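1. need a 3D model of the following:
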Amino acid sequence: MKKIYLLVFFFGILTSCQDVIEVELNDAPPRLVIEANINILEDGSSLSSLVKLTTTAPFFDNVVPIVEDAIVLITDENGVEYPFEYRGEGLYQGTFLPQEDIDYSLKIIYDNEVYTATTQLQTTATLEYVNQRDDGGFSGEDIELKVFFNDPINEENFYYFTGITEKGTVRSVYNDEFSNGNLNFGYFVVEDLAPGDSVIFNLYGVDEEFYNYMFVLLQQTGGGSGPFDTQPATVRGNIINETNPENYPLGYFRISEVSTLNYIVQ
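-> Below you'll find the model as predicted:
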């Protein structure tokens with residue numbers, strides 16, 4: 001159990017006083033955190049086949065504990081296995097190129113417990129061009145970027161969008177409920193963006209379950225911080241603990257096609 005000491009000062013004309021408020025925090029048992037994001041490019045080539053494993057830590061710890069001794073495996077619906085090998089820093093890498101309309105099951109064995117999830121590859125739309133305004137944002141003085149893509153008609157689609165620069169990262173999710181088959185855009189504004197800055201835009205195809213999961217997660221973080229930073233409330237992903245359901249993990253298993261566009265701010 002850890003304690004926080006808060007100093008409260010009351011200032012007067014001649015005197016001041018100081019109270020010590022003691023706040024007790026309970027440390028919860030660590031949970032496994034699974035970032036299983038498999039991404040392929042639009043031409044069908046592999047972009048990344050990585051699974052990152054860490055555990056939760058006490059609130060005031062500055063170091064995120066990594067998991068080095070897990071067994072990580074993906075198996076397709078035909079029984080073909082794709083083992084992942086540990087590469088350091090909590091990262092497990094595999095040689096894995098998913099195909100459409102095939103179920104893929106993730107299996108992780110850690111600390112004598114088995115974690116599983118099943119998903120399919122989700123395709124995406126193509127990022128086409130960027131529109132820049134120099135009088136955008138809430139202040140009317142920020143550089144505002146919109147990156148456009150055409151949503152496929154007569155399909156239900158969900159997207160996860162990121163814009164990444166040295167000045168900051170923007171994350172958001174979209175669905176085509178009211179824009180099916182139309183031209184859509186991802187919106188990007190960060191403070192102090194300037195001409196010459198490089199921006200990497202990514203548009204991932206995701207399923208509805210991931211869309212709902214990330215929508216809640218981004219509401220809690222504000223969209224600009226990491227989706228696996230400390231959350232005000234627990235958001236459950238699609239991975240379960242088969243051995244001990246009460247000891248559920250955090251994180252998600254996602255397989256996405258991704259469209260990437262690089263842009264230099266004008």
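2. which residues of the stretch 51-200 of the chain score low on pLDDT?
-> In the prediction, the stretch 51-200 of the chain carries no residues with pLDDT under 70.
3. hey, where'd the strands end up in it?
-> In the stretch 51-200 of the chain, the strands defined using DSSP state E, counting those that start in this stretch lie at 71-76, 81-88, 91-94, 104-110, 113-119, 127-136, 142-150, 158-165, 168-175, 183-188, 198-206.
4. what about the last one, distance to the chain center?
-> Okay, so that is strand 198-206. 12 Å (Cα atoms, centre = their mean, to the nearest Å).
5. for it, buried residues please.
-> By neighbour count, with 16 or more other Cβ atoms under 10 Å as the criterion, the buried positions of strand 198-206 are 199, 201-206. Every residue, glycine included, has its C-beta placed from N, CA and C.
6. can I get those residues in JSON lines including distance to Ile264?
-> Rendered in JSON lines, the data for these read as follows (distance: Cβ to Cβ, whole Å):
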{"residue": "Val199", "distance to Ile264": "8"}
{"residue": "Phe201", "distance to Ile264": "12"}
{"residue": "Asn202", "distance to Ile264": "16"}
{"residue": "Leu203", "distance to Ile264": "19"}
{"residue": "Tyr204", "distance to Ile264": "22"}
{"residue": "Gly205", "distance to Ile264": "26"}
{"residue": "Val206", "distance to Ile264": "28"}
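7. nearest to Phe215, of those?
-> Here the nearest of the buried residues of strand 198-206 to Phe215, counting by Cβ to Cβ, is Val206; it sits at 10.6 Å.
8. residues contacting stretch 52-67, please?
-> 2, 25, 27-28, 30-36, 70, 72, 89-92, 108, 110, 230, 250 (Cβ atoms under 8 Å, 6 or more residues apart in numbering).
9. tell me the one among the buried residues of strand 198-206 nearest to Ser49.
-> Distances from Ser49 to those, taken by Cβ to Cβ, are shortest for Tyr204, at 14.7 Å.
10. in terms of pLDDT, where does that closest one sit?
-> Listed pLDDT for Tyr204 reads 98.
11. do the one 10 residues further on as well
-> Predicted confidence (pLDDT) at Met214: the value is 94.
12. what's the local residue count around it?
-> 23 (other Cβ atoms under 10 Å).
13. how close does it sit to Gln132?
-> Going from Met214 to Gln132 by Cβ to Cβ, to the nearest Å gives 26 Å.
14. one step back: could you tell me which of the contacts of stretch 52-67 count as buried?
-> The buried subset of the contacts of stretch 52-67 - by 16+ other Cβ under 10 Å - is 31-36, 70, 72, 90, 92, 108, 110, 250.
15. make JSON lines from the residues you listed and add distance to Ser259 to it.
-> Shown next, in JSON lines, are the buried ones among the contacts of stretch 52-67 (distance: Cβ to Cβ, whole Å):
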{"residue": "Arg31", "distance to Ser259": "33"}
{"residue": "Leu32", "distance to Ser259": "31"}
{"residue": "Val33", "distance to Ser259": "27"}
{"residue": "Ile34", "distance to Ser259": "25"}
{"residue": "Glu35", "distance to Ser259": "21"}
{"residue": "Ala36", "distance to Ser259": "21"}
{"residue": "Ala70", "distance to Ser259": "31"}
{"residue": "Val72", "distance to Ser259": "27"}
{"residue": "Gly90", "distance to Ser259": "28"}
{"residue": "Tyr92", "distance to Ser259": "26"}
{"residue": "Ile108", "distance to Ser259": "29"}
{"residue": "Tyr110", "distance to Ser259": "33"}
{"residue": "Leu250", "distance to Ser259": "28"}
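16. how about Asn112, nearest residue that isn't a chain neighbour?
-> Setting aside the residues directly before and after it, Asn112 is nearest to Thr243 in space (Cβ to Cβ, 6 or more residues apart in numbering), at 7.3 Å.
17. for that neighbour, grab the count of nearby residues.
-> What Thr243 shows, counting by other Cβ under 10 Å, is a neighbour count of 14.
18. just say helix, strand or coil for it.
-> Taken by DSSP: H, G, I helix; E, B strand; the rest coil, the conformation at Thr243 corresponds to coil.
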